[in-house]
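Engineer: sequence and predicted structure, then a few things I'm wondering about:
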Amino acid sequence: MDAKSAAAARRAGAEEATQFVILLGLSLSHCLNDLIASLLTAIYPILKTSFSLDFGQIGLITLASQLTASLLQPLVGLYTDRKPAPYFLAIAMGFTLSGLLLLSVAPNFIALAAAASLIGMGSSVFHPEASRVARVASGGRHGLAQSLFQVGGSAGAALGPLLAAFIVAPHGQQSLAWFSLVPLCAVAILTLIGQWHDGRISAARARPRPKRTSNALPKRTVVASILILLTLIFSKYFYMATLSNYYTFYLIAKFQLPVRTAQIFLFVFLGAAALGTFLGGPIGDRIGRRSVILISIVGALPFTLLLPYANLPFTMVLSVAIGLILSSAFSAILVYATELLPGKVGAVAGLFFGFAFGMSALGAAALGYLADVTSIEFVYRLCSFLPAIGLLAYFLPRRLDAG
């Protein structure tokens with residue numbers, strides 16, 4: 001092999017290797033993005049008191065945030081499948097920053113909803129393109145790459161309640177402006193990642209385009225499998241809405257906990273969810289993604305059924321188990337769906353992130369009104385059966401159940 005051939009082989013090997021620096025940068029940016037989104041939900045008890053909101057209005061704020069995220073994500077994904085936009089990631093953080101600053105000075109419910117919409121808009125632009133870049137940087141280890149990316153978001157979601165408890169609660173709504181450094185840091189990181197991705201796009205255009213691989217599954221099977229996966233997303237995120245949005249209220253109502261202690265409980269639950277998110281992808285690479293999807297959703301069912309009847313210590317134990325098991329599903333679902341529809345990474349990511357956010361939004365709004373007319377404890381008893389829908393994963397094709 002001559003020197004020129006060896007250099008070409010080294011470049012090809014570098015491109016095929018897993019780019020951990022890029023994946024860690026995406027994970028950190030995801031952490032910073034979702035920290036802001038989590039901070040919004042974590043301060044709901046503070047906003048409820050300050051603005052005299054009811055549970056229905058709390059649900060509408062979540063609806064405003066999640067609908068802008070869910071409706072725009074598939075459109076962003078479809079666009080970037082055709083025209084990759086590496087600097088969309090940095091632009092996304094501009095929306096998040098604007099929403100955060102508005103939230104810090106919002107004088108009424110309408111302004112709170114507008115701020116939530118801007119934060120949701122930032123997520124709608126960020127997630128599809130970031131998922132695309134994660135797959136480009138995966139080096140073929142798609143489950144690991146998606147888990148590294150996802151765990152950043154879960155870690156950010158876990159940090160939100162902690163920061164709300166120790167910074168926003170004692171210093172008030174205006175202290176949210178202090179967190180403007182978070183999206184600014186993310187802009188710097190994502191600009192560098194955008195430069196790397198732009199270089200990869202230019203290099204790919206200079207090479208002959210490889211033939212698109214086929215999953216060899218009938219179209220009817222692919223459509224049915226996508227519908228099953230979306231139903232599982234409904235089950236997972238509708239149930240998760242009870243914990244991410246109303247767990248603090250549940251603890252306060254049932255156990256008379258102070259707000260700060262309830263937020264620490266929420267942090268513990270979200271921390272378990274972060275760990276589960278990280279484990280789901282690599283385990284799926286090893287034992288098969290279909291298996292992970294089935295185990296992670298149905299496996300949470302015994303714990304969700306017990307939760308409404310548990311005492312305070314056991315409530316924490318059960319919430320940790322639920323977060324750990326249930327959160328392992330999403331990375332596996334996303335990679336499995338991408339293999340069902342090869343070559344449509346942005347569209348798949350936009351569809352599934354958007355649908356997940358949409359289910360969170362509808363769940364938060366519907367469950368908020370249900371809690372107003374019944375009780376928060378009734379909501380938890382009713383939703384405890386949702387993970388049983390995970391049995392549908394049994395009907396997913398085994399052909400794609402491989403690492």
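Structural biologist: Okay, I see it. This structure is a prediction, so every number in the text was calculated from the model and none was measured.

Engineer: quickly note the distance from the closest residue to residue 73 other than its chain neighbours to residue 67.
Structural biologist: Of all residues not flanking residue 73 in the chain, residue 354 sits nearest, at 3.5 Å (C-beta to C-beta, 6 or more residues apart in numbering). (Each C-beta comes from the backbone N, C-alpha and C, glycine too.) Applying C-beta to C-beta, to the nearest Å, the value for residue 354 to residue 67 is 10 Å.

Engineer: show me which of those two is the more surrounded one.
Structural biologist: Using other C-beta atoms under 10 Å, the more surrounded residue of residue 354 and residue 67 is residue 354, with 25 against 21.

Engineer: contacting residues for the spatially most central residue of the chain?
Structural biologist: Most central in the chain under C-alpha atoms, centre = their mean is residue 153, positioned 6.0 Å from the mean C-alpha point. With contacts defined as C-beta atoms under 8 Å, 6 or more residues apart in numbering, residue 153 is in contact with 30-31, 33-34, 277.

Engineer: make CSV from these and add neighbour count and distance to residue 86 to it.
Structural biologist: Listed next are the contacts of residue 153 as CSV, based on neighbours: other C-beta atoms under 10 Å; distance: C-beta to C-beta, whole Å:
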residue, neighbour count, distance to residue 86
30, 27, 16
31, 22, 20
33, 28, 17
34, 26, 21
277, 28, 25
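
Engineer: which of these sit farthest apart?
Structural biologist: Distance extremes for the contacts of residue 153: the farthest pair is 33 and 277 at 14.5 Å, using C-beta to C-beta.

Engineer: contact partners of stretch 188-207?
Structural biologist: Counting by C-beta under 8 Å, 6+ apart, 15, 19, 22, 25-26, 28-29, 84, 86-87, 89-90, 92-93, 133, 136 sit against stretch 188-207.

Engineer: in that stretch, what's buried?
Structural biologist: 189-190, 193-194, 196-197, 200 (16 or more other C-beta atoms under 10 Å).

Engineer: now the stretch 201-350 of the chain, which segments are flagged as low pLDDT?
Structural biologist: For the stretch 201-350 of the chain, the stretches flagged by pLDDT under 70 are 204-216.

Engineer: next helix or strand past the helix or strand hosting residue 122?
Structural biologist: Mapping residue 122 onto the secondary structure by DSSP states H and E places it in helix 109-136. Later in the chain than helix 109-136, the nearest helix or strand by DSSP H and E is helix 142-163.

Engineer: residue 397 - how many residues pack around it?
Structural biologist: 17.

Engineer: any idea of the pLDDT on it?
Structural biologist: With respect to pLDDT, residue 397 scores 89.

Engineer: quick one: it and residue 224, what's the gap?
Structural biologist: Per C-beta to C-beta, residue 397 is found 9 Å from residue 224.

Engineer: check residue 119 too.
Structural biologist: Residue 119 sits 35 Å away from residue 224, going by C-beta to C-beta.

Engineer: show me where the stretch 151-300 of the chain has helices.
Structural biologist: Assigned by DSSP state H, counting those that start in this stretch, the helices in the stretch 151-300 of the chain fall at 169-171, 181-206, 219-255, 259-287, 289-298.

Engineer: angle of the second one against helix 142-163?
Structural biologist: Helix 181-206 and helix 142-163 are oriented at 170 degrees to each other (axes from the mean of the first three to the mean of the last three C-alpha atoms, to 10 degrees).

Engineer: got the angle between helix 181-206 and helix 109-136?
Structural biologist: Following the same axes, to 10 degrees, one obtains 40 degrees for the angle between helix 181-206 and helix 109-136.

Engineer: how about the fourth one?
Structural biologist: On the basis of the same axes, to 10 degrees, helix 259-287 is oriented at 20 degrees to helix 109-136.

Engineer: now do helix 259-287 and helix 219-255, the angle between them.
Structural biologist: Going by the same axes, to 10 degrees, helix 259-287 makes 150 degrees with helix 219-255.

Engineer: go on, the last one?
Structural biologist: Angle of helix 289-298 versus helix 219-255, following the same axes, to 10 degrees, is 30 degrees.

Engineer: what packs against helix 289-298?
Structural biologist: With contacts taken as 3 or more C-beta pairs under 8 Å, 6 or more residues apart in numbering; DSSP states H and E, helix 289-298 sits against helix 219-255, helix 259-287, helix 312-326, helix 329-340.

Engineer: need the contact partners of the last one.
Structural biologist: Under the criterion C-beta under 8 Å, 6+ apart, residues 131, 135, 142-143, 146-147, 150, 215, 217, 222, 225-226, 229, 232-233, 236, 277, 280-281, 283-284, 289-290, 292-293, 296-297, 344-345, 348-349, 351-352, 356, 390, 396, 400 lie in contact with helix 329-340.

Engineer: could you identify the buried members of the residues you listed?
Structural biologist: Neighbour counting by 16+ other C-beta under 10 Å classes 131, 135, 142-143, 146-147, 150, 217, 225-226, 229, 232-233, 236, 277, 280-281, 283-284, 289-290, 292-293, 296-297, 344-345, 348-349, 351-352, 356, 390, 396, 400 among those as buried.

Engineer: model confidence over stretch 95-109, on average?
Structural biologist: Average pLDDT, stretch 95-109: 93.
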